[in-house]
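Colleague: the following comprises the amino acid sequence and a computationally predicted model.
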Amino acid sequence: MSAHQYDEGHTVAGWTGFGIATVGTAVAGAGVCTVSAALIGGGLGIVVVAVLVTWALHLTGWGKPPGRRDRAQWGMRVRDPLARAGHAGCVGCRLAGRGRPAEECTDEERAVALRKSASVLVGETAG
C-alpha cells in the first residue's frame, strides 16, 4: 500500500520515457560541452525516441489518463482499462485516432471500466 493519499501519476510509460529522455539530454549536453553537432543531434534524436516510446506505452494502457484516477488504478503495475477506447480529452489518444472529447465520455462508461479493472486486480492478488 502506498504511503501517499493521492495519485502521483507514476506509470510505466512515464518512468520509461523519463529514463530515455534523461539519457538523450545527457548526450545532447555532452555534445554542447564538446561542441559536437553529431552528439547534439544524437541526443535530440534519443529525446524524440523517448516521446514515441512514452506515447506507445500510453496507448497500450501503461500510461495515465488525464485527470484523477480511481484509487484502484493508482498502482504502477495496473494497466488502464480505458486505453483501448481512448481517454476522454487526451491529446495523445486523439492523435492516434482513439480519443474522444471529454464531454462524450459518460460517467457510466468510466464506472464500468473501473469495476472491470478492480475485479481483475482482485483476481491477480488473490491467487
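Modeller: That came through fine.

Colleague: from here on, contacts and neighbour counts on C-alpha atoms
Modeller: OK.

Colleague: which helix or strand in the chain has the lowest average pLDDT?
Modeller: helix 107-126 (a mean of 53; mean pLDDT, DSSP states H and E).

Colleague: how close does G19 sit to V47?
Modeller: Distance, G19 to V47, using CA to CA, to the nearest Å: 10 Å.

Colleague: the more surrounded of those two?
Modeller: In terms of neighbours (other CA atoms under 10 Å), V47 is the more surrounded of G19 and V47; the figures are 23 against 12.

Colleague: report the next helix or strand after the helix or strand that contains the more buried one in sequence order.
Modeller: Take DSSP states H and E as the rule and V47 turns out to sit in helix 37-57. Next in sequence after helix 37-57, counting helices and strands by DSSP H and E, comes helix 91-95.

Colleague: in that next one, what counts as buried?
Modeller: Using 16 or more other CA atoms under 10 Å as the test for burial, helix 91-95 gives 91-93.

Colleague: nearest to A72 among those residues?
Modeller: C93 (22.1 Å; CA to CA).

Colleague: check the gap between the closest one and K64 for me.
Modeller: To K64, C93 is 11 Å away according to CA to CA.

Colleague: which residues do the two both contact?
Modeller: Residues touching both C93 and K64 (CA atoms under 8 Å, 6 or more residues apart in numbering): none.

Colleague: V23: what's it in contact with?
Modeller: Per CA under 8 Å, 6+ apart, neighbours of V23: 43, 46.

Colleague: please, which helix or strand holds it?
Modeller: helix 12-34.
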